[in-house]
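> Dropping the sequence and predicted coords here.
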Amino acid sequence: MTRETFAPFGHILGADDVAPDYKSAGSIGWRAPLVIAGMPELISIKTDWSGLIVSKLERHFNVTQAFFPLAGGPAAVLVAEPTSVTNPHDIPTADRVRAFLVIPGIAYVLHLGTWHSLDRYPLIHGCLSVAMLTEAETTRADPGPEGGNLTQEIDYSKEFNLRFEIVPAGDI
């Protein structure tokens, strides 16, 4: 996950390959745009290893969720670029879905409407702990864009008889 490779899907925080946005006496920092239309919610998430098969992606219409990997082993997140928010049938094709390595210390913020796996998938037995900044209304919304819902979910196994298998490359 680098700024360049992740740019179509969101922003990276914590990678020091670009100049910081601000400096103080003892700290430097980088900014990323964040959109939250309702009540902010900070969630602590622990994801245990459950295998490397993924079938569901979701997107949010009102929030650019931020994820801060805190501890644990490497994991993967699946993402696809945002599609038309006015067309609920504009689902990313399988060839547009990408997997990115998630490691503690490198945070990321998804663009508004970016499709993403519901979880981050540990690549080895163990777990990954993540802090997520989101919107309370989004985590309690029913899936689907109709009727003012804030989240749309697609299950590729039900809709297309398709699942994504995460295959780690190289040493983990």
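Yep, it's here. Residues are numbered from 1 along each chain as shown.

> what's the burial count for Val54?
21 (other C-beta atoms under 10 Å). Any C-beta I mention is one placed from the backbone N, CA and C, and that applies to glycine too.

> shouldn't Val54 be in contact with Ser157?
No - counting by C-beta atoms under 8 Å, Val54 sits too far from Ser157 to count as a contact (9.4 Å).

> Find the residues that touch each one of the two.
By the contact definition C-beta atoms under 8 Å, 6 or more residues apart in numbering, Val54 and Ser157 are jointly contacted by Arg163.

> Phi and psi next, for the residue nearest the centre of the chain.
Centroid-nearest residue in the chain, with C-alpha atoms, centre = their mean: His116, separated by 5.1 Å. Torsion angles at His116 (phi, psi; degrees, to the nearest 10) stand at phi -150, psi 150.

> now do Lys158
Lys158 adopts backbone torsions of phi -80, psi -40, taken as degrees, to the nearest 10.

> Chain neighbours aside, what residue packs nearest to it?
Ser55 (7.8 Å; C-beta to C-beta, 6 or more residues apart in numbering).

> Please report how far that neighbour lies from His116.
Distance check for Ser55 against His116: by C-beta to C-beta, to the nearest Å, it reads 13 Å.
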